[in-house]
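A.B. asks: Below are the sequence and a predicted model; questions follow.
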Amino acid sequence: MPRIHFPVFTDRSPISSKAGLEQVDIDGLEERMEPELAEQLYELERCIECGCCVAACGTAQMREDFVGAVGLNQIARFRLDPRDERSDAEFYQLVGDESGVFGCMTLLGCEDMCPKDLPLATQIAFLRRRMVAASFA
Ligand code: SF4
Ligand code: SF4
């Protein structure tokens, strides 16, 4: 549950902006996708943006600019989507720093508190591996 000092989400634009969602063209034609991949994307899209993961996050308490598990989950979702043509280098520009995936302390309060049981730890670890690789590319 959100902590008592946690403000109610009224403006999600910082998350959308950090996730680079304004760069995604949603007017394109539908494309065929492997059912397994579609299931994987659907799993991550179950996020209801309740903010419980951010409320439970030690890094988010200390850093206002930290995108939080909700934003990292969105980035992971688009990184998996073959229709999103951004490269890892471009995702690195979004979350390859302390306000992104490298600010996460991996204590996993986010996953413990997520009411939708999203695999946040797995997705953050996935993104971190991709971003580490991108930093050496
Ligand atoms: S706690 Fe889960 S459902 Fe709520 S915003 Fe975070 S990832 Fe989404
Ligand atoms: S694992 Fe990362 S995102 Fe999740 S609560 Fe800990 S610091 Fe926050």
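C.D. replies: Perfect, thanks for sending it. Ligands and ions are numbered 1, 2, ... in the order given.
A.B. asks: how near is residue 116 to residue 95?
C.D. replies: 21 Å (Cβ to Cβ, to the nearest Å). All C-beta atoms are positioned from the backbone trio N, CA, C, and that covers glycine.
A.B. asks: So residue 123 sits against residue 71, correct?
C.D. replies: No: using Cβ atoms under 8 Å, residue 123 is not in contact with residue 71, being 11.0 Å away.
A.B. asks: Return the distance of the longest helix anywhere in the chain from the chain's centre.
C.D. replies: Determined from DSSP state H, the single longest helix within the chain is helix 120-136. Put simply, helix 120-136 sits 11 Å off its chain's centre (Cα atoms, centre = their mean, to the nearest Å).
A.B. asks: What lies in contact with that helix?
C.D. replies: For helix 120-136, contacts defined as Cβ atoms under 8 Å, 6 or more residues apart in numbering pick out 44, 53, 69, 72-73, 75-77, 79, 88-89, 91-92, 95-96, 100-102, 104, 106, 108, 110-111, 114.
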